[in-house]
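>>> Build me a model:
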Amino acid sequence: MHLEKILSIGGKRRIIGYLMVLAFNIQIAILAAKQMESINNFHINDIYILFSRLVYFALYYIPIFLTIISVEDILNDYLILTRLKDLSIWWKKKFKLLSLDTGLYVIFLELPIIVTAIIYIGIPQILETKTLVFMAADFIIKYLIFLIIGIIYNISSFVSKRQYIGFVAGFFAGGFDYILQLCNLDRYAMTITGMLLKFFISSDLPTGKFLSLAIVYCFYLVFLSLFLFLVSREILRKIDVGRGDFKLKS
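Residues are numbered from 1 along each chain as shown. Next comes the predicted model:
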């Protein structure tokens, strides 16, 4: 499925969503500029933490992401479903669309962070091996976080036949760690979005331990995304498709 196909689906809402997350992170960079100028020695994780608080994910990044992927209208092609013998074929196409959409969203989210890092840390430090690994792992972790939230949204919308239930399910899954943080249960806030903060903290460790933990965090999120994908495919396999049965109820 080509990039043009993604952008043609709900184009205006999608572009507005990308611009909103881009503008939000640019605003954070501007507000943090004075604070960063007063500090001489900056590390890469200091920059990234400024943009990655759990409250930002719960109240801004995740709602915008869910709004963007909601234009995919996962149930509105129900007439096509009635002609398919295997729903998994249709689900794989939807998963590819979600995967590409997630990649675009994370790119727009990351651009202001990378520019800010270049300005206040400098290219020589960014080109260091540990820093490059940090930035790559950060992108992968964020990608997997939003991918997991997107899978939960899609399957919840499909099974309930109500888009708002999918939105609530995705929002709750992504914001659960923030709820734990509000309840002073920070050490348990590592289900989905909280894994990113654990990753940032681990970057202060020696390179060997940092790399090991980065692999563990990425593996956990990969496992969770694969598990949800397989579970969703199994759910779809057991659903009896009838003409018009999957029309989305807004």
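
>>> Next, R162: phi, psi?
phi -140, psi 120 (degrees, to the nearest 10).

>>> Please disregard the earlier target; I meant R13.
Dihedral angles (degrees, to the nearest 10) for R13: phi -60, psi -40.

>>> Pull the number of nearby residues for the nearest residue to it once chain neighbours are set aside.
Once flanking residues are discounted, R13 sits nearest to V71: 5.3 Å by Cβ to Cβ, 6 or more residues apart in numbering. The way it works is simple: take the backbone N, C-alpha and C, and place the C-beta from them, glycine included. Per other Cβ atoms under 10 Å, the neighbour tally for V71 reads 15.

>>> Pick out the least confidently modelled helix or strand of the protein, by mean pLDDT.
Least confident helix or strand, the chain: helix 78-81 with a mean of 52, by mean pLDDT, DSSP states H and E.

>>> next structured bit after that one?
helix 87-121 (DSSP states H and E).

>>> mind checking how far that following helix is from the chain centre?
Distance of helix 87-121 from its chain centroid, counting by Cα atoms, centre = their mean, to the nearest Å, is 7 Å.

>>> tell me the mean pLDDT for it?
Per-residue pLDDT values over helix 87-121 give a mean of 87.

>>> Packing partners of it?
helix 3-8, helix 11-37, helix 44-51, helix 62-69, helix 78-81, helix 129-160, helix 207-238 (3 or more Cβ pairs under 8 Å, 6 or more residues apart in numbering; DSSP states H and E).

>>> quick one, it and helix 44-51 angle?
Relative orientation of helix 87-121 and helix 44-51, computed by axes from the mean of the first three to the mean of the last three Cα atoms, to 10 degrees: 120 degrees.

>>> which parts of helix 87-121 are buried?
For helix 87-121, a neighbour-count test (16 or more other Cβ atoms under 10 Å) marks 87, 90-91, 94-95, 97-98, 101-106, 108-110, 112-114, 116-117, 120-121 as buried.

>>> Give me the most central residue, the protein.
With distances taken as Cα atoms, centre = their mean, F146 lies nearest the centre of the chain, 1.8 Å away.

>>> Isn't that residue up against I107?
No: judged on Cβ atoms under 8 Å, F146 makes no contact with I107 at a distance of 11.3 Å.

>>> Run a quick neighbour tally on S203.
22.

>>> Then F227?
Neighbour tally, F227, other Cβ under 10 Å: 12.
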